[in-house]
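J.: next input, structure requested:
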Amino acid sequence: MILSLLALAVVLRPWLVFGVLFITVFIVLGVFLALGYDGFWQRAMALGRWYAARRPERAAALHARLDAFAIKWDAVLDRFPEGTVDGLYLPDFGEMAAAEARHDAALDRRFDRLRDPEA
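T.: The predicted structure follows:
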């Protein structure tokens, strides 16, 4: 039913559909430019962690699909000359999560030393 309504919207009001898509892309691009590469992906990962904590089985399926997409996207980018599309590669979410975990552990150790200087 939703697909038929979407098809009707595309047929009857194509500018509305393209307008909504354009505004969505424009907003995401604005957020990306405002936060920067690292800030954007860190917030995206925080949203992913929240979703994984809320619905772990659905998050695992989504993660598998995103990994498959990332592999296909990297294959497309590998066809371009070296260095021309470096900004289009997707980040390694596993490495970013591991770096954030190491940072959190280091902060915990420092705060523990501040609370108990004799330890």
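J.: hey, let's count contacts and neighbours off CA atoms from now on
T.: OK.
J.: just the element for the residue nearest to the spatial centre of the chain, please.
T.: Nearest to the geometric centre of the chain sits A44, at 4.0 Å (Cα atoms, centre = their mean). Following DSSP states H and E, one finds A44 within helix 14-54.
J.: just T84 next, same as before
T.: T84 belongs to no helix or strand, assigned by DSSP H and E.
J.: tell me how far it lies from V10.
T.: Plainly put, T84 is 35 Å away from V10 if you go by Cα to Cα, to the nearest Å.
J.: who has more neighbours out of the two?
T.: Taking other Cα atoms under 10 Å, T84 and V10 do not tie; V10 has more neighbours (14 against 9).
J.: L3 versus that one, what's the distance?
T.: 10 Å.
J.: now swap in P14 and tell me
T.: According to Cα to Cα, P14 stands 15 Å off from L3.
J.: neighbour count winner among the two?
T.: Taking other Cα under 10 Å, P14 and L3 do not tie; P14 has more neighbours (12 against 8).
J.: and the gap between that one and E57?
T.: P14 is 36 Å from E57, by Cα to Cα.
J.: helices and strands around the helix or strand harbouring A68, which ones?
T.: Per DSSP H and E, A68 falls inside helix 56-77. Counting contacts by 3 or more Cα pairs under 8 Å, 6 or more residues apart in numbering; DSSP states H and E, helix 56-77 is packed against helix 14-54.
J.: relative to helix 56-77, how tilted is the helix it packs on?
T.: Going by axes from the mean of the first three to the mean of the last three Cα atoms, to 10 degrees, helix 14-54 is angled at 120 degrees with respect to helix 56-77.
J.: give me the packing partners of helix 14-54, helices and strands only.
T.: helix 2-12, helix 56-77, helix 93-115.
J.: want to throw the ones you listed into TSV with mean pLDDT and distance to W50?
T.: As requested, the helices and strands packed on helix 14-54 are exported to TSV (pLDDT from 0 to 100; distance: least, Cα to Cα, whole Å):
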stretch	mean pLDDT	distance to W50
helix 2-12	88	27
helix 56-77	85	10
helix 93-115	77	13
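J.: for those, give me a markdown table that also has distance to F22.
T.: Below are the helices and strands packed on helix 14-54 laid out as a markdown table (distance: least, Cα to Cα, whole Å):
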| stretch | distance to F22 |
| --- | --- |
| helix 2-12 | 14 |
| helix 56-77 | 22 |
| helix 93-115 | 27 |
